[in-house]
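**Q** missing the sequence, but the structure's below:
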């Protein structure tokens, strides 16, 4: 739920409130204040907010669902429906969405009947919230690689058969070469192929932990760990971080108090703050892990963009360190290929989880990734990605020159603390209204701690350099204007 709430206007005598609620949400959805997949408030919550009955809210949501603007999921809630294939709202939603002061004839008839006219349909918002790589030559390269595979009928036939759960030998060797780029030098037998980093993390957690176990993560961390911990019924605890990353003294104290089983961390180009741990802190954390028998699960996905990344924590922890990586941020998220490197004692347990989960990673995707790694194409794609990051970092430095933010020259995102009087939710709402999306700090908070007033801005979300510049100029203008009067009646 993104926090947007409707307000009810003064209604003519006898006008049903449910229709006004439905109309307010229809405007918010068509205007971009609420996006596909976002959850509407629970019936009781909205009823209390608007001083209406839950039945009134139910009728409003039913009306929105009838118009195709929302989808109700039994036992889960009501969500904004996905747009049609070309990215726009479905035409019948605009024609049929209810308006106050009339029947269900819709926005298009509102002006003629004295209701509120349809607002002009805005363009798709610029999404600086999702951390995605910038487009390079991967699509053309994929076309070429598929042609090569199609010409090799023997290999094509083999790729359609069952494979070992950890991947074909050649795919595991390619994974070892990919991980070697980030300082992990181990035999292919200790590398497992997964369906992306999130799948790899899920398999590792299921192999290493049991329901009720305690796992640590940075106080601000990758949101995927929160979802997995909830599903696996793990006790997820946030550890204090500062400008450099995890604070070793805080980790030591927490280990003494809570007896954790594992630590999940992103020590290089941390998501979301972009921090990178110093060698001294890496040594201190490794020492703590050994003394407390703590399994360290290290996310190396962002590190792939660095020319010379620091030595991974896992290199200091041959019996306690597990590494997860993928091509998603440096090459292409849709390829869905990840790699897990684990101590030999854990390899068999993780293999068993992969086998029970999906039997094997798609051999076709793994073959494409392996070819790109082995023939050097992945190096070219990463170099192109870095060049795009350089250009966009320069654009951000120019447009946001008057504001303080944190980043790394190789990072595809920025961490922007908000000065008073801005609050993160207000700032995100103001940006959304102006056609720009950002991810607030509360998306990354571990546990029930308070979130700082900050946003993460992903430079790859804009499809072109010019679009990014326009979006950042909107953001800078919003910062300058301040929140005064933003929600005044």
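**A** Structure received. Bear in mind that the values here come from a model prediction, so they are computed numbers and not experimental data. Residues are numbered from 1 along each chain as shown.
**Q** ok, and for the lengthiest helix in the chain, which residues are buried?
**A** In the chain, assigned by DSSP state H, the helix with the most residues is helix 377-399. For helix 377-399, burial by neighbour count (16 or more other CB atoms under 10 Å) applies to 377-378, 381-382, 384-386, 388-389, 392-393, 395-396, 399. From N, CA and C alone the C-beta is placed, and that goes for glycine too.
**Q** Tell me which other helices or strands it touches.
**A** When contacts are defined as 3 or more CB pairs under 8 Å, 6 or more residues apart in numbering; DSSP states H and E, helix 377-399 packs onto helix 138-150, helix 363-374, helix 465-481.
**Q** Can you tell me which of the ones you listed is nearest to residue 333?
**A** helix 138-150 (10.3 Å; CB to CB).
**Q** Quick check: residue 298 is in a helix.
**A** No - with DSSP: H, G, I helix; E, B strand; the rest coil as the criterion, residue 298 is located in strand rather than a helix.
**Q** Please report the number of neighbouring residues for it.
**A** Using other CB atoms under 10 Å, residue 298 has 24 neighbouring residues.
**Q** For the remainder of this discussion, apply numbering that starts at 12.
**A** With 12 as the first residue, the last one maps to residue 309.
**Q** List the contacts of it.
**A** Contact analysis of residue 309 by CB atoms under 8 Å, 6 or more residues apart in numbering lists 276-278, 323-325, 332-335.
**Q** what pairs with it across the strands?
**A** residue 276, residue 334 (DSSP bridges).
**Q** Roughly how far does it sit from residue 184?
**A** The gap separating residue 309 from residue 184 is 21 Å, by CB to CB, to the nearest Å.
**Q** and what of residue 367?
**A** Counting by CB to CB - residue 367 and residue 184 are separated by 25 Å.
**Q** So which of the two has more stuff around it?
**A** residue 184 (18 against 11).
**Q** And the more buried one, which helix or strand is it part of?
**A** Element membership of residue 184, judged by DSSP states H and E, is helix 180-191.
**Q** Give me the average confidence score over that helix.
**A** Taken as a whole, helix 180-191 has a mean pLDDT of 97.
**Q** Then stretch 297-306?
**A** The average pLDDT for stretch 297-306 rounds to 97.
**Q** What are the contacting residues of it?
**A** Against stretch 297-306 from outside (CB under 8 Å, 6+ apart): 219, 227, 259, 262-263, 266, 270-274, 307, 324, 327-328, 331-333.
**Q** Please list the members of those that lie in strands.
**A** 227, 273-274, 307, 332-333 (DSSP state E).
**Q** Pull out the buried residues from stretch 348-367.
**A** In stretch 348-367, counting by 16+ other CB under 10 Å, buried: 348-354, 357-358, 361-362, 364-365.
**Q** cool, stretch 469-483 as well?
**A** Quick answer for stretch 469-483 (16+ other CB under 10 Å): 469-473, 479-483.
**Q** Strand partners (parallel or antiparallel) of the next helix or strand after the helix holding residue 184?
**A** Note on helix 180-191: by DSSP H and E, the next helix or strand toward the C-terminus is strand 202-205. Looking at strand 202-205 with DSSP bridges, its partner strands are strand 349-352 (antiparallel).
**Q** I'd like the next helix or strand past the partner strand.
**A** Under the assignment DSSP H and E, the closest C-terminal helix or strand after strand 349-352 is helix 355-369.
**Q** Confidence-wise, which helix or strand of this protein is lowest on average?
**A** Using mean pLDDT, DSSP states H and E, helix 121-124 stands out as the lowest-scoring helix or strand of the chain, at a mean of 31.
**Q** residues touching residue 426, list them.
**A** By CB under 8 Å, 6+ apart, the contact list for residue 426 reads 283-285, 416-418, 465, 467-468.
**Q** Let's check: the centremost residue of this structure is which one?
**A** residue 141 (5.5 Å; CA atoms, centre = their mean).
**Q** does that residue really touch residue 468, like I thought?
**A** No - assessed by CB atoms under 8 Å, residue 141 is found out of contact with residue 468, at 11.0 Å.
**Q** List the buried residues in stretch 452-460.
**A** Here stretch 452-460 shows 452-457 as buried, counting by 16+ other CB under 10 Å.
**Q** circling back: mind putting the ones in strands among the contacts of stretch 297-306 in TSV, neighbour count and distance to residue 156 included?
**A** Shown next, in TSV, are these (neighbours: other CB atoms under 10 Å; distance: CB to CB, whole Å):
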residue	neighbour count	distance to residue 156
227	27	40
273	22	37
274	26	38
307	24	35
332	22	33
333	26	30
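**Q** For residue 233, list the residues it contacts.
**A** Residue 233 sits next to 275, 277, 282, 310, 455 when contact means CB under 8 Å, 6+ apart.
**Q** and what of residue 88?
**A** Residue 88 makes contact with 50-51, 53, according to CB under 8 Å, 6+ apart.
**Q** cool, and residue 243?
**A** Residues near residue 243 by CB under 8 Å, 6+ apart: 216-217, 220, 222.
**Q** start to end distance for stretch 267-275?
**A** 17 Å (CA to CA, to the nearest Å).
**Q** how far out from the middle of the chain is that stretch?
**A** Relative to its parent chain, stretch 267-275 has a centroid offset of 25 Å by CA atoms, centre = their mean, to the nearest Å.
**Q** Alright, I will stop here.
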